[in-house]
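1. sequence and predicted structure are below.
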Amino acid sequence: MLILMRSLLPHRNPFHSLHATLNSKQPFDFAELTGKKVLIVNVASNCGYTPQYTELESLYQQYKTKLVILGFPANDFKEQEPGSDAEIASFCKLNFGVTFPLFQKQSVLNVNQNPVYKWLTDSSANGWNEQKPTWNFCKYLVDEEGKLVAFFPSAVSPLDDAIVSRL
């Protein structure tokens, strides 16, 4: 299991200066996340890891005073997220009771990469990490100060001690 941890290099572009659009089309300013840990996950509805939505929601409910989970639907891996933003939101709510923020479906890879994922995977921006998502449900942990501190591959459960111990 590959888990990457932050080096001592400072991040250059502040995480809290990022913006994204929720699947409800509302803008979301990452400055609102200052003082909280953030777990960013690229999600998909038709993946073998899709049941992790239940674990993500459980983690969110248990730690929501100090942790925000951000779900970024993407269709990058075997077209496992074919739905529209409205269909994705409905699927997540009905099947998993998801209440954490979900964003508009965008690519987490390649030339059309979502700006948040550009930050997460560019060491000149985040200070150390180049690891792109290898599949759906990869997880990136950002601390209260906006520093990227860890990457967890898809197979790592959101409730794994490797994640929970850092909250």
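-> Arrived safely, thanks for sending.
2. so where's this structure uncertain?
-> Per-residue confidence for the chain (pLDDT under 70) gives these ranges: 1-13.
3. show me where it has helices.
-> Defined through DSSP state H, the helices belonging to the chain, from first to last, are 52-63, 85-96, 115-120, 123-126, 161-164.
4. for the third one, list every residue counted as buried.
-> When neighbours are counted by 16 or more other CB atoms under 10 Å, the buried residues of helix 115-120 are found to be 116, 117, 119, 120. All C-beta atoms are positioned from the backbone trio N, CA, C, and that covers glycine.
5. go on, the first one?
-> Residues of helix 52-63 classed as buried: 52, 53, 55, 56, 57, 59, 60, 63 (neighbour count, 16+ other CB under 10 Å).
6. from these, which is closest to residue 160?
-> Within the buried residues of helix 52-63, proximity to residue 160 (CB to CB) peaks at residue 55, which comes in at 9.0 Å.
7. check the gap between residue 87 and residue 23 for me.
-> In this view, residue 87 and residue 23 are 10 Å apart by CB to CB, to the nearest Å.
8. compare those two (neighbour count), which wins?
-> Between residue 87 and residue 23, counted using other CB atoms under 10 Å, residue 23 has the larger neighbour count: 20 against 15.
9. how about the nearest residue to the more buried one, chain neighbours excluded?
-> With CB to CB, 6 or more residues apart in numbering as the criterion, residue 23 has its nearest non-adjacent residue at 4.0 Å, and that residue is residue 85.
10. my read: that neighbour touches residue 92, true?
-> No - under the contact definition of CB atoms under 8 Å, residue 85 does not touch residue 92, with a separation of 10.8 Å.
11. higher neighbour count, those two?
-> Under the neighbour definition other CB under 10 Å, residue 85 and residue 92 were set side by side, and residue 92 has more, 23 against 18.
12. and the residue nearest the centre of the protein?
-> Among the residues of the chain, residue 40 comes closest to the average C-alpha position under CA atoms, centre = their mean, at 1.7 Å.
13. what residues does that one make contact with?
-> For residue 40, the contacting residues are 69, 70, 72, 116, 120, 139, 140, 141, 142, by CB atoms under 8 Å, 6 or more residues apart in numbering.
14. burial count for the residue lying closest to the last one once chain neighbours are set aside?
-> To tie it back to what came earlier, the one meant is residue 142. Take residue 142 and drop its neighbours on the chain: the residue closest to it by CB to CB, 6+ apart is residue 38, 4.3 Å away. Here the number of neighbours of residue 38 (other CB under 10 Å) works out to 19.
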